[in-house]
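[1] compute the structure for the input listed below.
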Amino acid sequence: MPRRVANEPKLERVAVEPTERIMAANQDQPLSVTAHYSDGSTRDVTRLAAFQSNESAVVAVDKAGRIKAGPIPGEAAIMARYMGNIATCSVLIPQPGELPSGAFANLPRFNFIDEMVWKKLERLGITPSAPASDATFLRRAYVDVIGRLPTPDEARSFLTNASADRRGRLIDELLDRPEYADYWANKWADLLRPNPYRVGIKAVMSFDAWIRDSFRKNKPYDRFVRELVTAQGSTWRNGAAVLFRDRREPDELTTIVSQLFLGVRLECAKCHHHPFESWGQDDFFGFAAFFGRIGHKGTGLSPPISGGEEIIYTAAGGAVRHPLTGDVLAPRVLGGPVVAPSAVGSDTSAATEQPRGRRRRSGGPSADPDSDPREVLADWMTADDNPYFARTIVNRVWADLIGRGLVEPVDDIRATNPPTNGPLLDALAADFRAGGYDLKKLIRTITGSYVYGLSSEPNERNVTDTRNYSRHYRQRLRAEVLIDAISDITQLPESYSAMPVGSRAMELWTVRSESLFLDAFGRPDPNQDPPCERTGDTTLVQALHLMNSPRLHAKITADAGRAAQLAAGPKTPKETVEELYLLVYARFPTDDELKVALTVFDESNTNRRRAAEDLLWALLNTPEFVFKD
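    Residues are numbered from 1 along each chain as shown. This is a model prediction of the structure:
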């Protein structure tokens, strides 16, 4: 029997009713799904639709489409899917009880972020936590912006500063420091840097140097992505070209480019229609066609050595075929028109020197017949009206600074995984575009909000909130931040293979450098393909390593170490305790803490050095050290 009937109406979309609902705890509500066809007809397809909740603990949904609110206040998106078409219903469960009078009217609004967060919290009936102390903000800002702890002198200077603008000035000073580039390049190295045993040591060093140089120059993000996506030339001279030495096939490039820079996970659509999105094989391989003409000249891959140079260039021809039909597919942007095979590309002469001057502000892809199709892709990606590009990067940076993305996972933006605060995500993206795609300006905007400076201590109305930013969400420090902090505190640097003496973990060009500490605290597996998203999970291995590591013990008890120097110096026990607290926590000890610490020095059978070592070891084994508060 034929699958189709001649001139039959086509399914254009589905709609779910209601599209938005505010519910009380334990209340239920049936959903209705309607299919809309090309001839204007509609059909109730509720009994044929599939349903799923993205937060079933908050709002559950059964097979018949009846939603039921749970006892926990929050928000959920209910997906209704019928024949590959998706519609969503947003459900909100406010916190029970009355808000205090003027709870939000009197809150500070340092910039647009605060206004949008307050609006959402007010709808949910959640009140934000109190602001964090200056000491907490100081340590948080140092770790977030430059990936290291303040020195005792830096901490004293800030904590004794009474100026009203001290927090904003601190952020500006940190963004101008050289450590900023290495810290943020280290994050992007996880997402881009390949295995040196696969692509070659010199190639990886070249790639790493290109990433770091981009952040040292504060290269506009749209230019950074354009240079990467359109890279050509020697893998020894143009580090960005190493991406195409590592990912050699169009389908491999499709998954990494769409996921990192557009927040769209197309991997499912490579084999079948994406179960939670509108993408299918035509979309996947149409996008892959932009990479169909990438040529390689020189020494190919020969793991585990792969030491040769390779030239990446635009070949005269190259085709990507549909895996089922065998048809040659023309390049096509996501959700946009096909780019004619005879007109795929644009002028590449200005791609490196003046990329911002030729960036298209809006519209679909345009082309020039004789150049690289990747230039068309870069034009579309970095255009101001691209629906994915700016939203994806601001979401990633927001997650780094605040502790949770507006969309989680940060690279999975889709209708069935909506942001916790859609207007805020859009406003951040618009501000980022208006600011010239300046990552430092974006960081300054987020860290300059009142929301960024909130305490992590919950109150009775936000204790269950883990996604609406009513308080700060603590994060475990990155492995490199932790080991560099320990080296700074003890004054004994680590030694890494293939690195100069005195190098910091944040400067490593490869995760192949041997380090039990870095492995324990979650640096990427050297055999794992990028992008490598780290988790902030804590493990028993981490706790045991801090307590029992012979290397850490040697740092604490070394004759040239900090504890020995403090014990031998002129500082009193009280001054020694204060110095250690400033080193580890970036704050002065409380009266109770000082009293307990001084008892260690007062014990008759303990000398000053042993007391300083014991106290330092104890401080390094606390959550306050391991976590960014």
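[2] next one: phi and psi at residue 83?
    Per-residue torsions, residue 83: phi 50, psi 50 (degrees, to the nearest 10).
[3] ugh, wrong one, residue 60
    Phi and psi for residue 60, reported as degrees, to the nearest 10, are phi -100, psi 160.
[4] not counting its neighbours along the chain, what's nearest it?
    Among residues not flanking residue 60 along the chain, residue 68 sits closest, at 5.2 Å (C-beta to C-beta, 6 or more residues apart in numbering). Backbone N, C-alpha and C define where each C-beta goes, glycine included.
[5] wait, a strand at the one you found?
    Yes. Counting by DSSP: H, G, I helix; E, B strand; the rest coil, residue 68 is located in a strand.
[6] what's the spacing between residue 26 and residue 67?
    Distance, residue 26 to residue 67, using C-beta to C-beta, to the nearest Å: 12 Å.
[7] likewise for residue 405?
    Applying C-beta to C-beta to residue 405 and residue 67 gives a distance of 25 Å.
[8] check the burial of the residue nearest to residue 60 by counting its neighbours.
    Close neighbours of residue 68, defined as other C-beta atoms under 10 Å, add up to 16.
[9] so what's it up against?
    Going by C-beta atoms under 8 Å, 6 or more residues apart in numbering, residue 68 touches 26, 27, 28, 29, 59, 60, 61, 62.
[10] emit the PyMOL select command for whichever of those are buried.
    Here is the PyMOL command that picks out the buried ones among these, judged by 16 or more other C-beta atoms under 10 Å:
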select buried, resi 29+59+60+61
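[11] gap between the residue nearest to residue 60 and residue 460?
    According to C-beta to C-beta, residue 68 stands 26 Å off from residue 460.
[12] check residue 580 too.
    35 Å.
[13] again with residue 539
    With the distance defined as C-beta to C-beta, residue 539 ends up 31 Å from residue 460.
[14] surely residue 72 is in contact with residue 464?
    Yes. Using C-beta atoms under 8 Å, residue 72 is in contact with residue 464, at 5.7 Å.
[15] for the nearest residue in space to residue 231 that is not next to it in sequence, give me its contacts.
    Counting by C-beta to C-beta, 6+ apart, residue 231 lies nearest to residue 240, which is 3.7 Å off, once chain neighbours are set aside. Residues near residue 240 by C-beta under 8 Å, 6+ apart: 207, 210, 227, 228, 231.
[16] out of these, which is most surrounded?
    Busiest of those [other C-beta under 10 Å] is residue 207, holding 28 neighbours.
[17] how does the chain divide up, domain by domain?
    Per automatic domain parsing, the structural domains of the chain span 11-93, 134-179+389-454, 194-382, 479-628.
[18] what would the ones you listed look like in CSV with mean pLDDT and distance to residue 187?
    Shown next, in CSV, are the domains of the chain (pLDDT from 0 to 100; distance: least, C-beta to C-beta, whole Å):
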stretch, mean pLDDT, distance to residue 187
domain 11-93, 93, 26
domain 134-179+389-454, 96, 7
domain 194-382, 84, 10
domain 479-628, 94, 9
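[19] JSON lines please, covering those and showing distance to residue 186.
    Below are these laid out as JSON lines (distance: least, C-beta to C-beta, whole Å):
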{"stretch": "domain 11-93", "distance to residue 186": "31"}
{"stretch": "domain 134-179+389-454", "distance to residue 186": "7"}
{"stretch": "domain 194-382", "distance to residue 186": "9"}
{"stretch": "domain 479-628", "distance to residue 186": "5"}
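[20] secondary structure element holding the most centrally placed residue in the chain?
    By C-alpha atoms, centre = their mean, the chain has its centre lying nearest to residue 396, at 3.3 Å. Assigning secondary structure by DSSP states H and E places residue 396 in helix 389-402.
[21] compare residue 580 and residue 460 (neighbour count), which wins?
    Neighbour count, other C-beta under 10 Å: between residue 580 and residue 460, residue 580 has more, with 23 against 8.
[22] wait, that one touches residue 619, no?
    Yes. Between residue 580 and residue 619 a contact is recorded at 6.2 Å, counting by C-beta under 8 Å.
[23] next one: phi and psi at the nearest residue to residue 140 once chain neighbours are set aside?
    Of all residues not flanking residue 140 in the chain, residue 628 sits nearest, at 5.9 Å (C-beta to C-beta, 6+ apart). Here is the backbone geometry of residue 628 (degrees, to the nearest 10): phi -90, psi 120.
[24] what bridges to residue 628?
    As for beta bridges, residue 628 partners with residue 475 under DSSP bridges.
[25] next up, the contacts around it.
    Neighbour list for residue 628: 139, 140, 143, 144, 474, 475, 476, 477 [criterion: C-beta under 8 Å, 6+ apart].
[26] and which of these is nearest to residue 200?
    Nearest to residue 200 among the contacts of residue 628, counting by C-beta to C-beta, is residue 477 at 31.7 Å.
[27] quick check: the closest one touching residue 623?
    No. With contact defined as C-beta under 8 Å, residue 477 does not reach residue 623; the gap is 10.8 Å.
[28] tell me, how many residues neighbour residue 433?
    Residues near residue 433, counting by other C-beta under 10 Å, number 20.
[29] how near is it to residue 219?
    Taking C-beta to C-beta, one finds residue 433 at 16 Å from residue 219.
[30] if we can go back for a sec, with secondary structure added, can I get the contacts of residue 240 in CSV?
    What follows is the contacts of residue 240, written out as CSV (three-state DSSP):
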residue, secondary structure
207, helix
210, helix
227, helix
228, helix
231, coil
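[31] what's the most distant pair in these?
    Farthest apart among these by C-beta to C-beta are 207 and 227. That separation is 12.1 Å.
[32] ok so, going back, going through the contacts of residue 628, which ones are buried?
    Neighbour-count burial (16+ other C-beta under 10 Å) applied to the contacts of residue 628 gives 139, 140, 143, 144, 475, 476, 477.
[33] just the closest of these to residue 171, please.
    Distance to residue 171, by C-beta to C-beta, is smallest for residue 144 among those, at 9.2 Å.
[34] pull the number of nearby residues for the spatially closest residue to the closest one that is not a sequence neighbour.
    Nearest residue to residue 144, sequence neighbours excluded (C-beta to C-beta, 6+ apart): residue 401, at 5.3 Å. Residues contacting residue 401 under the criterion other C-beta under 10 Å number 18.
[35] before we move on, what about the one 4 residues further on?
    When counting by other C-beta under 10 Å, one arrives at 23 neighbours for residue 405.
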